[in-house]
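In: The amino acid sequence is not available; the structure is as follows:
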């Protein structure tokens, strides 16, 4: 289900990734001035590097100059920070999510807005889901038309969209095929002895599934889960 929802974004992301890969190897052609992206926070220490140079751990790429490095192209690298626009192809540092997309940013190759993950953020399709968070709403028109997902910290008794991660210690106990703007929704609960779980639900260590009910979980079947 989630694959069909994100197919439009996958095609866009593939094209952007291909362009970024061409530029990073220094084979891009054409002319454009470098556009330095700005941050809402203080200026951070950074520097320019030639296309193909590795990006240090914890750093992101925030500007591109296709005329730099004797025409091979150069990239501005700086430490990740909350509220930075980064170029397509830049790494996403652990703990961050993508919340906006500008297809004309970063000298025309596209730019993504990075923010530290927090409860109640809309994130773009393709953004990582930080550990401990789930996806609870979907807006197909969000994030400049590529789709957006609402991130929340997991809690007992929360409905999540199809494709959302299941946090360790939780199980899926109900299914609503019309939920989450039509892509389907799943009800998350903390595992407990004697709980019915839907097909595909993880079974945490120390528990096992026993009896099966074909009518459970709104008709897709359910398993009775007990302590091992």
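Out: Perfect, thanks for sending it. Please read these numbers as outputs of a predicted model, since none were measured by experiment.
In: Can you pull the poorly scored residue ranges out of the chain?
Out: 1-44 (pLDDT under 70).
In: mind listing the helices for it?
Out: With DSSP state H, the ranges of helices along the chain come out as 2-5, 7-24, 68-71, 105-108, 142-145, 179-182, 216-219.
In: Next, count neighbours for residue 227.
Out: Neighbour count of residue 227, defined by other CB atoms under 10 Å: 10. Using the backbone N, CA and C atoms, a C-beta is placed for each residue, glycine as well.
In: can you tell me which residues contact it?
Out: Residue 227 sits next to 193, 206-208 when contact means CB atoms under 8 Å, 6 or more residues apart in numbering.
In: swap in residue 134?
Out: The contact partners of residue 134, by CB under 8 Å, 6+ apart, come to 151-154, 158, 160, 164-167, 188.
In: Recalculate using a threshold of 6 Å.
Out: Each residue near residue 134 by CB atoms under 6 Å, 6 or more residues apart in numbering is listed here: 154, 160, 164.
In: how far away is the closest residue to residue 100 other than its chain neighbours from residue 131?
Out: Once flanking residues are discounted, residue 100 sits nearest to residue 113: 3.7 Å by CB to CB, 6 or more residues apart in numbering. Separation of residue 113 from residue 131 (CB to CB, to the nearest Å): 21 Å.
In: one step back: now that we have the contacts of residue 227, which one has the most neighbours?
Out: residue 207 (17 neighbours).
In: Would you mind listing the residues in contact with that one?
Out: 191, 225, 227-228.
In: Adding distance to residue 180, write the residues you listed out as TSV.
Out: Supplementary listing: those in TSV, determined by distance: CB to CB, whole Å:
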residue	distance to residue 180
191	22
225	24
227	31
228	32
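In: Return the subset of these lying in strands.
Out: The strands, defined by DSSP state E, take in 225, 227 from the contacts of residue 207.
In: and the contacts of residue 207, which are buried?
Out: 191, 225 (16 or more other CB atoms under 10 Å).
In: Can you tell me, leaving aside adjacent residues, what's nearest to the residue nearest to the spatial centre of the chain?
Out: Among the residues of the chain, the one closest to the centroid is residue 127, at 1.7 Å (CA atoms, centre = their mean). Distances taken as CB to CB, 6+ apart place residue 98 nearest to residue 127, at 4.0 Å, with adjacent residues excluded.
In: Determine the number of other residues adjacent to the one you found.
Out: Using other CB under 10 Å, residue 98 is surrounded by 20 other residues.
In: Kindly report the same for residue 172.
Out: 20.
In: got a list of what it touches?
Out: Residues near residue 172 by CB under 6 Å, 6+ apart: 186, 198, 201.
In: what do you get if the cut-off is 8 Å, keeping everything else the same?
Out: 166, 186-188, 197-198, 200-201, 217.
In: Closest to residue 61 out of those?
Out: For those, the closest approach to residue 61 (CB to CB) belongs to residue 166, at 32.5 Å.
In: I'd like to know how many residues surround the closest one.
Out: Number of residues near residue 166 (other CB under 10 Å) recorded here: 17.
In: ok, now residue 215?
Out: The burial count for residue 215: 9, using other CB under 10 Å.
In: and if you look at residue 71?
Out: By other CB under 10 Å, the residues close to residue 71 number 11.
In: between residue 113 and residue 131, who's got more neighbours?
Out: Neighbours per residue, other CB under 10 Å: of residue 113 and residue 131, the larger number sits with residue 113, 20 against 12.
In: From residue 183, how far out is the closest residue to residue 211 other than its chain neighbours?
Out: Residue nearest to residue 211 in three dimensions, not counting chain neighbours: residue 224, with 4.1 Å by CB to CB, 6+ apart. In this view, residue 224 and residue 183 are 28 Å apart by CB to CB.
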